[in-house]
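**Student:** Give me coordinates for this.
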Amino acid sequence: MAKNFSLPPELKDSLIAASPVVWLNPQKSESYSLDRAMIEEAEKRLIRFAPYIQREFPETLSLNGFIESALQPMLQLKEETLIKGNIFIKRDDGLPISGSIKARGGIHEVLYLAEKVALEHHLISMEDDYSIFAKQRMKNILSKYKIVVASTGNLGLSIGIMSRKLGFNVIVHMSHDAKEWKKSMLRAVGAQVIEHAGDYSLAVAKGREEAEREVNSYFIDDENSKHLFAGYAVAGRRLKKQLDEQGIKVDANHPLCVYIPCGVGGGPGGVCYGLKENFGEHVYCYFVEPTQSPCMLLGMATGQHDQISVYDLGLTNKTIADGLAVGRPSSFAGKLLEPLLDGILTVSDEELITYLKKLYQTEGIIIEPSAAASIKGLFVSLPTSANKEATHIIWSTGGSMVPEEEQKSYIE
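**Tutor:** Numbering: from 1, shown residues only. Sure thing, here's the model as predicted:
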């Protein structure tokens, strides 16, 4: 181990041994501030672009151009869990356009850049019908710009698909963990894929270097981007509307408990931030990370954030949950989450396989291994597990874009 750090001995030993743990955040507080204007700005931008998205992506017609997923009750799986209240699954595995939670933040940041360029060229005003972005003249302007991103897969897909549709050039730097089918899908839409033998952090460094070298090149930084974060945070407002429509109360007597898979931390961090905006002290947020890649837990528990890596514990950062195979967390997200996050759980690959099969056998749902991490929250004893009035949501972060043959391999 290459770094000095302080952790409670029992927690440290369990992390080093790659044993599943439950870490409750000692810095959790009800004293915090939120940038509501940031979320409001993102929500309004998504509304402005809805006519364009509806036109260019027919799968959003029934959603009026919004990129949103269903909130689905889970009646069968509940019987096998420790949960006494109601359980729902947030189906971000079926989000339009790119089939993962990354469609929320990744697409929002691409839209932010497209709008910024169009405004600078006096091609639009914010009062215009944004269907104009489908016109060739607009695409010709945007084609002079390049978007660069690093990804283990799903963020690259979200950004690659939307960027190419708008006319941007796009380069996706991918770590060794990225699935081959994700690379192929990106190439099929016209994105350039650069493969790296190292992990996610190396891909980020290379992507950032490339963007800094070239004019009109824009790096989407999953570790530090406010625009990605804001796009994810809008999910809190959307979820509140869904719960209201289903007559589900969230208050002191009816807490909301949400379990979200975590990689670098920007996506789940943004969702948690948005949930706190809408539900305040009545929502309990837990992240779930692989036992070999507990980067956010390590960063928050030591207070060192991105200055420490899972490799400093002697862990491998290898897991079947490729989207969560991140060695070093987002410092931006980790610091914002210090007073907001309730805790972090870790899950082994063996447990992920069990959860994938259980979900299919009980609910007939197939998701990818990274998304299945959220199910861990239903099988550990937490302060709200036995509350019959609580509502529990597992956030399914991806899976619908996975090729059928690979989907079958998850459940066989």
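**Student:** Grab the nearest non-local neighbour of Met126.
**Tutor:** Arg48 (6.5 Å; C-beta to C-beta, 6 or more residues apart in numbering). All C-beta spots, glycine's among them, are computed from the backbone N, C-alpha and C.
**Student:** Mind giving me the packing neighbours of the strand or helix carrying the one you found?
**Tutor:** Element membership for Arg48 (DSSP states H and E) is helix 36-56. Identification of packing neighbours for helix 36-56 by 3 or more C-beta pairs under 8 Å, 6 or more residues apart in numbering; DSSP states H and E yields helix 102-120, helix 226-245, helix 266-279.
**Student:** The ones you listed into CSV, with extra columns for mean pLDDT and distance to His176?
**Tutor:** As requested, the helices and strands packed on helix 36-56 are arranged in CSV below (pLDDT from 0 to 100; distance: least, C-beta to C-beta, whole Å):
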stretch, mean pLDDT, distance to His176
helix 102-120, 97, 19
helix 226-245, 98, 23
helix 266-279, 98, 21
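**Student:** of all the ones you listed, which gets the most neighbours per residue?
**Tutor:** helix 266-279 (a mean of 26; mean count of other C-beta atoms under 10 Å).
**Student:** for it, packing partners?
**Tutor:** helix 36-56, helix 102-120, helix 226-245, strand 256-261, strand 283-290, helix 331-337.
**Student:** Next, the buried residues of the longest one.
**Tutor:** Meaning helix 36-56. 38-39, 42-43, 45-46, 48-56 (16 or more other C-beta atoms under 10 Å).
**Student:** if we can go back for a sec, separation between the residue nearest to Met126 and Phe287?
**Tutor:** 31 Å (C-beta to C-beta, to the nearest Å).
**Student:** likewise Thr316?
**Tutor:** Thr316 is 20 Å from Phe287, by C-beta to C-beta.
**Student:** The two: who's more crowded?
**Tutor:** Phe287 (33 against 14; other C-beta atoms under 10 Å).
**Student:** before we move on, back to that, pull the contacting residues for the residue nearest to Met126.
**Tutor:** Glu115, Met126, Tyr130 (C-beta atoms under 8 Å, 6 or more residues apart in numbering).
**Student:** What is the neighbour count of the last one?
**Tutor:** Pointing back at Tyr130 there. 23.
**Student:** Now do the contacts for the nearest residue to Cys272 once chain neighbours are set aside.
**Tutor:** Using C-beta to C-beta, 6+ apart and skipping the chain neighbours, the partner closest in space to Cys272 is Cys285 (4.3 Å). With contacts taken as C-beta under 8 Å, 6+ apart, Cys285 has the following neighbours: Val258, Ile260, Val271, Cys272, Leu275, Lys276, Leu340, Leu341, Asp342.
**Student:** quick one: the fourth one and Leu337 touch, right?
**Tutor:** This points to Cys272. Yes: using C-beta atoms under 8 Å as the test, Cys272 is close enough to Leu337 to be in contact (6.4 Å).
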